[in-house]
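Enquirer: Sharing a sequence plus its predicted fold:
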Amino acid sequence: MHPVQGRSAPRRGQIKSIIFIRDRNSRGQEVSAYIDYAHRLKTDEFEVYFNGKKKLLPKHTDLSFYNWDRNISTSNSSPNYQVIAENACGLLFKNKCDRKIINVDPKAYPGDNTTRTPVETDLYLQVVIYDHVLRRKI
């Protein structure tokens, strides 16, 4: 089963998840990204990921993308999250609905109404899901 399969709450708007994926691209380069799951659901066809025809891989258009081999990084805000990259605490994401901060540092508290869940999988080098429960009606 795909690490994000069965996660339907983002479609209802109650949870806005950020998925961290670290893996190798088609050129064998190590890449990672923080992906706004609800936004990707609207822009990508997830059936190919769930049925195993394609892997969900980091894109330059994700919240934060890094190519470890080429030392290339990009950051992009999404309809759900603002990227806060220049911060003493490291990379942060601010939810645009309830304005809560999500801290993706594995040694830090992830933030109010947010849980960090590492996912054991053989499909990727590393997967971590940050589930942010919205407290405000949207």
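Expert: Looks like it arrived, so ask away. Just so it is clear, the model here is predicted, and its values are computed rather than measured.
Enquirer: low-scoring stretches of the chain, by residue?
Expert: Counting by pLDDT under 70, the chain shows low-confidence ranges at 1-13, 136-138.
Enquirer: neighbouring strands for the biggest strand by length in it, and are they parallel or not?
Expert: Looking across the chain with DSSP state E, the single longest strand is strand 15-24. Here strand 15-24 has these sheet partners by DSSP bridges: strand 30-36 (antiparallel), strand 126-133 (antiparallel).
Enquirer: how about the strands of the chain, start to end?
Expert: 15-24, 30-36, 64-67, 72-75, 81-84, 92-95, 101-103, 114-119, 126-133.
Enquirer: circling back to that earlier point, highest average neighbour count across the strands paired with strand 15-24?
Expert: Highest mean neighbour count among the strands paired with strand 15-24 (mean count of other Cβ atoms under 10 Å): strand 30-36, with a mean of 23. All C-beta atoms are positioned from the backbone trio N, CA, C, and that covers glycine.
Enquirer: Give me the residues contacting that strand.
Expert: 16, 18-25, 56-59, 62-69, 78-81, 91, 93, 104, 125-126 (Cβ atoms under 8 Å, 6 or more residues apart in numbering).
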